[in-house]
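Student: Here you go, sequence then predicted model.
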Amino acid sequence: TQHFIVIGNPIAHSKSPEIHTLFGAQAGLDICYQRQYCPDDAASFTAVVEAFFHGGGMGANVTVPFKQVAYECCAARGGLSEHAKVAGAVNTLLLDKALLAKGVSPVEALYGDNTDGQGLINHIKRLGWPLNGARVAIIGAGGAARGVVLPLIEAGIETLTIANRTVSKAEILVDELSTASEKINQHTIQTYATAALSGDFDIIINATSIGLSGETLPLADALNCQYAYDMMYGRELPFLQHFAARGAQTSNGYGMLIGQAALSFERWTGRAIDVAQATETLQAHSF
Ligand code: ATR
């Protein structure tokens, strides 16, 4: 049996065990994937991770509020993927096999990746929305926005605009990302206050944490898109209702959740997942 965990706080609501258990069945692998609660401090996180990997654990997912702590942990040990470096956050922990082969201890071989942004790209591709040459706007400038910029640029989008309630945070984000990645630096990324964002985009992505809070974004009447994506999931997201009423195709972020999970699973096991089929099965079970 190969052991995996998802570490978070809170963690009881996480759907990752159901998703990965299904992946395991699809790949014909004997896996055990569990939720792992952790007190909200860096020392506890490190202790949980060390105990898990010393005990033979194969891989772990990291969720709120530990993605930055996980980043620090890996930076000081086995290293980080480019996506994790640019995102400044880790959602997938694994052991660097080359380091293990050199006799390094599991804890020192701890390597961090981030599959969140690529999970979004995979989902948009499954939806059949064109990314190559697309004019894309992201609303939000927090951790969720930070994680999707490099994957979007790698997917061949034409222009990128980032709007945020606090426009200075969007400007800082663009500066930081341009410094962190030459691929991003080669793009000119426009920034706006959310209420001042207008014009026609192919895809608009809601990367704010507003979701189902009941609050709504101040979207200009002159803002339009063909496709609207909300990284949150749940019923009746106001952002999606707004653009659906204007004729756009819409999607919530449930497929992104499954997409990032599939990429983590593939990193750990080397086995590819049929994500469309897995999504159908999960939805049939109301996960
Ligand atoms: P995450 O990791 O989910 O991105 P975050 O880093 O806290 O979370 O970022 C939250 C994002 O949602 C920010 O872009 C934030 O806007 P500000 O930078 O102006 O705070 C945005 N956000 C949260 N609540 C919002 C609201 N009520 N209206 C508009 N934007 C909101």
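Tutor: Sure, I can see it. Numbering: from 1, shown residues only.
Student: CA only for contacts and neighbour counts going forward, please
Tutor: Will do.
Student: wait, doesn't residue 36 sit right on residue 10?
Tutor: No. Counting by CA atoms under 8 Å, residue 36 stays clear of residue 10, with 9.4 Å between them.
Student: who's more crowded, the two?
Tutor: residue 36 (21 against 16; other CA atoms under 10 Å).
Student: Helices of the stretch 151-287 of the chain, start to end?
Tutor: With DSSP state H, counting those that start in this stretch, the ranges of helices along the stretch 151-287 of the chain come out as 167-180, 182-185, 238-244, 254-269, 275-284.
Student: How far off centre is stretch 132-144?
Tutor: 13 Å (CA atoms, centre = their mean, to the nearest Å).
Student: anything in it sitting right up against the ligand?
Tutor: Yes. Judged by CA under 6 Å from any ligand atom, stretch 132-144 and the ligand are in contact via 140, 141, 142, 143, 144.
Student: what's the closest non-adjacent residue to the last one?
Tutor: The reference is to residue 144. Using CA to CA, 6 or more residues apart in numbering and skipping residues adjacent in sequence, the residue nearest residue 144 is residue 207, 5.6 Å away.
Student: Enumerate every residue touching the spatially closest residue to residue 81 that is not a sequence neighbour.
Tutor: Distances taken as CA to CA, 6+ apart place residue 113 nearest to residue 81, at 5.1 Å, with adjacent residues excluded. By CA atoms under 8 Å, 6 or more residues apart in numbering, the contact set of residue 113 is 80, 81, 82, 83, 84, 90, 91, 92, 93.
Student: need the contact list for the third one.
Tutor: The one in question is residue 82. residue 113.
Student: Could you measure from it over to residue 272?
Tutor: 21 Å (CA to CA, to the nearest Å).
Student: Also the fifth one?
Tutor: According to CA to CA, residue 84 stands 21 Å off from residue 272.
Student: more neighbours, these two?
Tutor: residue 84 (27 against 14).
Student: Break down this protein into its strands, ranges please.
Tutor: 2-8, 31-37, 59-62, 79-80, 92-95, 110-113, 135-139, 159-164, 189-193, 199-206, 223-230, 249-251 (DSSP state E).
Student: Tell me which of those strands sits most buried.
Tutor: strand 110-113 (a mean of 28; mean count of other CA atoms under 10 Å).
Student: Can you tell me which residues in the stretch 1-150 of the chain are near the ligand?
Tutor: Residues of the stretch 1-150 of the chain lying near the ligand (CA under 6 Å from any ligand atom): 140, 141, 142, 143, 144, 145.
Student: Quick one: buried ones out of those?
Tutor: The neighbour-count test (16 or more other CA atoms under 10 Å) marks 140, 141, 143, 144, 145 as buried among those.
Student: Among the residues you listed, which pair sits farthest apart?
Tutor: Pairwise distances across those (CA to CA) peak at 8.8 Å, for the pair 140 and 143.
Student: residues shared between the contacts of these two?
Tutor: Shared contacts of residue 140 and residue 143, counting by CA under 8 Å, 6+ apart, come down to nothing at all.
Student: thinking again about what came up before, was I right about the residue nearest to residue 144 contacting residue 147?
Tutor: No. Look at residue 207 against residue 147 with CA under 8 Å: they stay out of range, at 9.8 Å.
Student: dump the residue contacts of residue 143.
Tutor: For residue 143, the contact set (CA under 8 Å, 6+ apart) comprises 87, 89.
Student: start to end distance for stretch 200-217?
Tutor: 17 Å.
Student: List of residues touching that stretch?
Tutor: By CA under 8 Å, 6+ apart, stretch 200-217 touches 134-142, 144-145, 194-195, 223-234, 236-239.
Student: again with stretch 220-231
Tutor: So stretch 220-231 is contacted by 129, 195-207, 211, 237, 239-240, 243-244, 246-254, 256 (CA under 8 Å, 6+ apart).
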